[in-house]
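A.B. asks: this is a predicted model, with the sequence first.
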Amino acid sequence: MSMVGGDRRDKISNLRKFHYGLVSVSDGKSRPIPSRLKLCSEYIVLQREEFHIWEDENSYPVESGLREVVLRRSEDGNLGISIKGGKEHNLPILISRVTSIEDSARDIYIGDAIIKVNGELLSDTSHEEALALIQKAGDTVTLTLKHYKATTPFLLKQFGRFIPEYDEGNPVCPEEYPGSTTRNHSVVPESPSSINSDGSGTWIGIPRVKKNWIDVVTVPLLMAYTTRYIFGTDKLRPNAFEVRGMDGSSTGVIHNSDPSLLTQWLKLIGDYISLLNSYQGSKLNRSFPADNQISYMTWVAEGILSKDQAWQNWNPRFLCLKGSEVYIFDRGPLSVQDWCQGTPPIKYKVFEAMFRVVKESEYVDERQHCFLIQTFGQNSHYLSVETRQELLRLESAWHRAVCLAISQLGAKTFHVVYKNKPSALSLDWEEGFVLKGFNALVREPDWSYQFSQLKGSSDDGNATLKLHFLTHKSKEVVTEEVICPKLQELLFFMHSFLTAKVASMDPAFLPNRH
């Protein structure tokens with residue numbers, strides 16, 4: 001959402017930083033995988049963890065040829081190594097973990113292939129056969145090893161959280177927010193040889209490696225939107241959200257089990273989107289006249305009526321308040337041409353439409369924070385936003401737009417019949433309700449009341465309208481009855497004039513006229 005206009009320099013300076021955080025990401029169907037978010041003022045990036053062997057051979061301690069290591073079993077019979085691979089995987093027998101406390105075990109590294117066990121070749125051996133051979137090899141076992149450098153990064157993923165990061169292009173440690181514990185280093189890191197696989201004790205076997213985060217998906221934030229709902233439905237994802245860009249890109253479903261961190265991410269991403277949209281709206285406003293400026297822009301979801309089930313499908317819509325009109329686009333308008341070319345947006349005069357917040361008891365499904373835009377003689381729109389705060393901001397922006405539009409319009413007159421006489425009923429910004437007979441337009445009106453004097457109204461749904469006013473002198477309620485062929489239009493304008501008058505009680509809703 002974005003209120004267009006205002007000084008954004010301080011806000012932009014406060015948000016002009018990179019933020020990183022560890023999350024899990026899925027496509028909404030498969031199991032989430034660990035990932036990292038990188039966020040700045042213009043885009044959000046989904047990153048994947050990768051491990052790389054240092055190319056500098058001086059920092060890589062493993063010999064390239066065959067070598068022998070003698071291990072003794074511990075008292076419980078454990079040799080202190082774990083293996084992966086086998087002929088069924090088209091892989092040699094590879095050492096995936098070293099937990100032995102023997103001094104000789106310091107010459108064993110993750111990524112070593114076991115060529116022989118006590119002189120017996122392991123070529124064309126399955127995983128189970130290799131396990132059986134090692135288990136029967138006796139208390140003292142001689143392993144003939146050959147290191148396979150290329151396999152090491154894959155085997156090290158299980159220890160990823162213990163391996164320090166190295167970002168060659170950005171040696172300065174960025175701000176880690178929210179919830180990240182990663183740090184960058186500009187020197188070659190030592191192997192975490194004093195850390196056990198469960199975070200305690202000691203284990204050995206990790207050659208020096210570097211851990212990098214590789215960009216996988218980049219989503220531009222200009223006119224992007226976040227949603228916690230499964231796309232197209234009313235189903236809310238628990239502890240998860242998605243960011244969708246104007247170019248069709250998506251972060252996928254971002255999971256975070258900590259509700260406070262999830263809220264921080266949503267707020268931070270929303271702040272960046274709001275600033276970008278505000279800046280874009282200000283640029284567009286340079287091409288529009290002063291009385292027809294963009295005042296508010298936001299993404300909403302529209303419930304689409306289905307023959308089988310009411311409001312079964314939800315589609316994203318971009319809603320804009322511009323001058324005295326509300327626009328509903330299928331996609332955000334990035335240029336001036338988008339307002340007048342291509343697929344025309346749906347648009348209404350705000351004083352010919354009605355904004356109504358839907359009560360929870362009236363929700364048609366599980367979507368929350370819903371509202372209606374109703375127009376006379378045309379289809380209504382059932383819409384939803386993500387949060388209560390967004391709904392309140394949108395409602396306030398709508399009232400402001402109605403207030404400005406009605407104050408500029410000044411008055412609206414309807415042909416009515418009053419006591420069997422053709423008359424004109426005017427809604428006047430300054431005078432209120434004013435009724436004059438057609439044969440007496442230059443004389444005093446038959447009656448007039450301020451908007452504040454209206455205490456209620458009723459109609460027959462056809463053409464007859466009763467207005468109940470409180471008189472200033474007698475403090476009695478007087479009922480005036482008119483017949484108006486355009487009753488629905490009159491009721492919508494009455495609602496707009498009354499909304500504008502209430503909103504005008506706040507000075508912020510009206511411009512300075514001096």
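C.D. replies: Sure thing, it's come through.
A.B. asks: I'd like to know how many residues surround residue 111.
C.D. replies: Using other C-beta atoms under 10 Å, residue 111 has 26 other residues around it. For every residue, glycine as well, the C-beta is placed using N, CA and C.
A.B. asks: can you pull the contacts of it?
C.D. replies: 62, 94-95, 147-149, 151-152, 155, 207 (C-beta atoms under 8 Å, 6 or more residues apart in numbering).
A.B. asks: and the pLDDT at it?
C.D. replies: Listed pLDDT for residue 111 reads 82.
A.B. asks: now do the phi/psi pair for the closest residue to residue 254 other than its chain neighbours.
C.D. replies: Leaving aside its chain neighbours, residue 254 sits nearest to residue 23 (5.2 Å; criterion: C-beta to C-beta, 6 or more residues apart in numbering). With angles defined as degrees, to the nearest 10, residue 23 sits at phi -140, psi -180.
A.B. asks: so which of the contacts of residue 111 are in strands?
C.D. replies: Using DSSP state E, the members of the contacts of residue 111 that fall in strands are 94-95, 147.
A.B. asks: make JSON lines from the contacts of residue 111 and add pLDDT to it.
C.D. replies: Below are the contacts of residue 111 laid out as JSON lines (pLDDT from 0 to 100):
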{"residue": "62", "pLDDT": "62"}
{"residue": "94", "pLDDT": "89"}
{"residue": "95", "pLDDT": "87"}
{"residue": "147", "pLDDT": "84"}
{"residue": "148", "pLDDT": "82"}
{"residue": "149", "pLDDT": "75"}
{"residue": "151", "pLDDT": "74"}
{"residue": "152", "pLDDT": "70"}
{"residue": "155", "pLDDT": "71"}
{"residue": "207", "pLDDT": "55"}
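A.B. asks: sorry, back to before: what pairs with the residue nearest to residue 254 across the strands?
C.D. replies: Beta bridges link residue 23 to residue 35 when assigned by DSSP bridges.
A.B. asks: correct me, but it touches residue 253?
C.D. replies: No. Between residue 23 and residue 253 there is no contact under C-beta atoms under 8 Å: 10.0 Å.
A.B. asks: more neighbours: those two, which one.
C.D. replies: More crowded of residue 23 and residue 253, by other C-beta under 10 Å: residue 23, with 25 against 21.
A.B. asks: and that one, how close does it get to residue 466?
C.D. replies: Distance from residue 23 to residue 466, counting by C-beta to C-beta, to the nearest Å: 59 Å.
A.B. asks: hmm, which helix or strand of this protein has the shakiest average pLDDT?
C.D. replies: Counting by mean pLDDT, DSSP states H and E, the chain has its least confident helix or strand at helix 9-15, which shows a mean of 49.
A.B. asks: before we move on, the earlier item: now the ones in strands among the contacts of residue 111 in JSON lines, with neighbour count and distance to residue 19?
C.D. replies: JSON lines is the format used below for the ones in strands among the contacts of residue 111 (neighbours: other C-beta atoms under 10 Å; distance: C-beta to C-beta, whole Å):
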{"residue": "94", "neighbour count": "21", "distance to residue 19": "38"}
{"residue": "95", "neighbour count": "24", "distance to residue 19": "38"}
{"residue": "147", "neighbour count": "22", "distance to residue 19": "39"}
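A.B. asks: packing partners of the biggest helix by length in the chain?
C.D. replies: For the chain, the helix with the greatest residue count under DSSP state H is helix 259-285. Applying 3 or more C-beta pairs under 8 Å, 6 or more residues apart in numbering; DSSP states H and E, one finds that helix 259-285 contacts strand 2-3, helix 9-15, strand 19-26, strand 33-39, strand 225-227, strand 240-244, strand 294-304.
A.B. asks: sheet-wise, list the partners of the very next helix or strand once past the fourth one with their directions.
C.D. replies: Where DSSP states H and E defines the elements, the next helix or strand beyond strand 33-39 is strand 43-53. Applying DSSP bridges, strand 43-53 is found paired with strand 33-39 (antiparallel), strand 209-220 (antiparallel).
A.B. asks: roughly how far is the last one from the heart of the chain?
C.D. replies: The reference is to strand 209-220. 20 Å (C-alpha atoms, centre = their mean, to the nearest Å).
A.B. asks: also stretch 474-491?
C.D. replies: The chain centroid and the centroid of stretch 474-491 are separated by 46 Å, computed with C-alpha atoms, centre = their mean.
A.B. asks: how about that stretch, which residues are buried there?
C.D. replies: Going by neighbour count (16 or more other C-beta atoms under 10 Å), the buried part of stretch 474-491 is 480, 482-484, 487, 489-491.
A.B. asks: picking up where we left off before, what's near enough to touch the residue nearest to residue 254?
C.D. replies: 34-37, 254-256, 265.
A.B. asks: can you tell me how far the residue sitting furthest away from the middle of the chain sits from residue 26?
C.D. replies: Largest separation from the mean C-alpha position in the chain: residue 439, at 60.5 Å (C-alpha atoms, centre = their mean). Distance, residue 439 to residue 26, by C-beta to C-beta: 74 Å.
A.B. asks: low pLDDT regions in this structure?
C.D. replies: Residues of the chain meeting the criterion pLDDT under 70: 1-16, 51-63, 153, 156-211, 306-312, 440-442, 506-514.
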